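[1] Sequence and predicted structure, then a few things I'm wondering about:
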Amino acid sequence: MGQLSRRDFLKVGAATAGAVGASGLGFDLARANTVKQTLKIAGAKELHAVGCSLVAYTRQVAGGKTQLLQIEGDPSSPVNEGRLCPKGATAMQLATSGRRVEKPLYRAPGSSKWEEKDWNFVLDKIAQNLKASRDRSFVGVDAAGNTVNRTEGVAFAGGAAFSSEEGYFATKVMRTLGVVHLEQQARV
């Protein structure tokens, strides 16, 4: 065994003291963060959501409204082990943003401003526009004389928030209308 110089002894001692101090500091910071998180969501209702396996914490506030306190990943999820995709990581901001549109808005052709409308008006307008586009672009028979019954003037894009059943249903509805341009974004 070689001789340990005074300089080597001080280096080893300083490194050991630094490691012990840093690990203690790190433990205290982690514990402080846990305490802060516990206080923020103390007494909150825990809800598990689909998508990125989100866990949402909510609390009832005055007037019977529900306040969203926190959204995080579910550590028990076998898919992502508590990590969130970019969309899931911004879910809290999406849900609580002051810029979030909460009512249907309609901008008439040629207009430069949006108007607040009720759901009946908006859904009727969507149905009218879909039918007009389908009627305008419907192809009953192709150039070879084959019956195709399709519309090429309508496209459909399903979202990643769809469940498998919702995606299946939406695809069936669109195929019934003759839509051939279908796209589904799926995350697994």
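    In hand now; what should we look at? Numbers count the residues shown, from 1 in each chain.
[2] and the next element down the chain from the strand or helix carrying Leu10?
    Counting by DSSP states H and E, the element that carries Leu10 is helix 6-41. Elements were assigned by DSSP H and E; along the chain past helix 6-41, the next helix or strand is strand 45-48.
[3] what's that next one in contact with?
    Counting contacts by Cβ atoms under 8 Å, 6 or more residues apart in numbering, the residues outside strand 45-48 that touch it are Leu54, Val55, Ala56, Tyr57, Thr58, Arg59, Asp74. Every C-beta, even on glycine, is put in place using the N, C-alpha and C of the backbone.
[4] Including pLDDT, secondary structure and distance to Gly82, could the residues you listed go into CSV?
    Written out in CSV, the entries for the contacts of strand 45-48 read as follows (pLDDT from 0 to 100; DSSP: H, G, I helix; E, B strand; the rest coil; distance: Cβ to Cβ, whole Å):
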residue, pLDDT, secondary structure, distance to Gly82
Leu54, 85, strand, 10
Val55, 87, strand, 9
Ala56, 87, strand, 14
Tyr57, 88, strand, 14
Thr58, 89, strand, 19
Arg59, 88, strand, 22
Asp74, 86, coil, 6
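[5] I'd like to know which of those residues are buried.
    Among these, those scoring as buried are Leu54, Val55, Ala56, Tyr57, Thr58, Asp74 (criterion: 16 or more other Cβ atoms under 10 Å).
[6] Might one say that the third one is in contact with Leu68?
    Yes: using Cβ atoms under 8 Å, Ala56 is in contact with Leu68, at 6.3 Å.
[7] for Gly140, what are its contacts?
    Counted by Cβ under 8 Å, 6+ apart, Gly140 has contacts Thr147, Val148, Asn149.
[8] ok but Thr151 is inside a strand, no?
    Yes: counting by DSSP: H, G, I helix; E, B strand; the rest coil, Thr151 is found in a strand.
[9] what about this protein, any weak spots by pLDDT?
    Regions of the chain meeting the criterion pLDDT under 70 cover residues 1-2, 18-39, 50-51, 186-188.
[10] out of the contacts of Gly140, which is most surrounded?
    For the contacts of Gly140, the largest number of neighbours (other Cβ atoms under 10 Å) sits with Val148, at 15 neighbours.
[11] Just to check, that one is in contact with Val141?
    Yes: Val148 sits in contact with Val141 when judged by Cβ under 8 Å, with a separation of 6.7 Å.
[12] since we're on Ser53, how many residues are nearby?
    20.
[13] mind listing what it touches?
    Ser53 sits next to Gly73, Asp74, Ser77, Val79, Asn80, Gly82 when contact means Cβ under 8 Å, 6+ apart.
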